[in-house]
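[1] Compute the structure for the input listed below.
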Amino acid sequence: MASISEQTVIPSPLEEVWPLLSDPGLVAACIPGAELAAEQTDGLWRGSIRIKFGPTVATFRGEVTLSYDHAARRCTIEGRGIDQRGASRALASGSVTASGAETTTLAVDGTYSVTGPLEMFANTGGVHVARALLGEFSANMARMVEERRAAEGSGAASLSGAADPAAPRRAAEAPTDLATESPPSAAAPAPTPSPARATELSAFKLLWQAFLSWLRHHIHKQGTQR
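    Got it, this is the predicted structure:
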């Protein structure tokens, strides 16, 4: 079993991020190529992730059990998956803990194992791939927070206009045509937009990000040893 211990920062307040992290559907929307099945039972979620290798698309299907501790802002994960051809299998377990105030730090700790053709790649580069993927997830989650904040602000502005105390006076002073006057209607708040699904994951892009992550880690390690 290989282990992973990584951190990533989402530049958004914890109080806004944690409710989104508590929704598996929204989390999946921030992971490139990931999809969750509509139904779930007792914390068990089924889904898939698609990865493009040039003109070829590989699909990995699996299931994950999620357990939330909202007081500690922690999610425990147990998952397993198999690629569509049945050649590679993966097991993973761990936890994701959120902390912070004005910004949110996600700490990911766990273990994983991969068997089959991808085993060597997972053992040698899995940590760096996970680091690159976490960075992309953080950017998508921050974008989702901003979109929801803007939608809520728009809805609040609409309600504020509807509740304008001067509106009745202006309405009374305006000429009225009873034959054509329409009944007043309350302004409805702007709907919260559905999350846009993250772009399908390109293996070449992810591998390049993983290489850069490995290079930065290697340079930092060399610097600390001097």
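[2] Please report how far I219 lies from A132.
    Distance, I219 to A132, using C-beta to C-beta, to the nearest Å: 16 Å. C-beta: built from backbone N, CA, C; applies to glycine.
[3] which of the two has more neighbours?
    A132 (21 against 10; other C-beta atoms under 10 Å).
[4] what pLDDT, on average, does the helix or strand hosting the more buried one get?
    Element membership for A132, per DSSP states H and E: helix 119-162. When pLDDT is averaged over helix 119-162, the result is 78.
[5] just stretch 45-65 next, same as before
    Rounded mean pLDDT across stretch 45-65 is 77.
[6] Just the terminal-to-terminal distance for it.
    Taking C-alpha to C-alpha, to the nearest Å as the measure, stretch 45-65 stretches 6 Å from start to finish.
[7] Please apply the same query to stretch 74-94.
    First residue to last in stretch 74-94 (C-alpha to C-alpha) measures 10 Å.
[8] buried stuff in it?
    Across stretch 74-94, burial judged by 16 or more other C-beta atoms under 10 Å covers C75, T76, E78, G79, G81, D83, S88, R89, A90, A92, S93, G94.
[9] Let's see the helix or strand encompassing A38 as CSV, backbone CA atoms only.
    Following DSSP H and E, one finds A38 within strand 34-41. The C-alpha trace of strand 34-41 is given here as CSV (Å, rounded to 0.1, in the frame of the first residue of the first chain):
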residue,chain,number,x,y,z
ALA,A,34,-15.9,12.5,-12.6
GLU,A,35,-19.6,11.6,-12.4
LEU,A,36,-21.7,10.2,-9.7
ALA,A,37,-24.8,8.0,-10.1
ALA,A,38,-28.0,9.7,-9.1
GLU,A,39,-28.9,7.1,-6.4
GLN,A,40,-27.0,6.3,-3.3
THR,A,41,-27.6,4.0,-0.3
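[10] following it, which helix or strand shows up next?
    Following strand 34-41 in sequence, per DSSP H and E, is strand 44-53.
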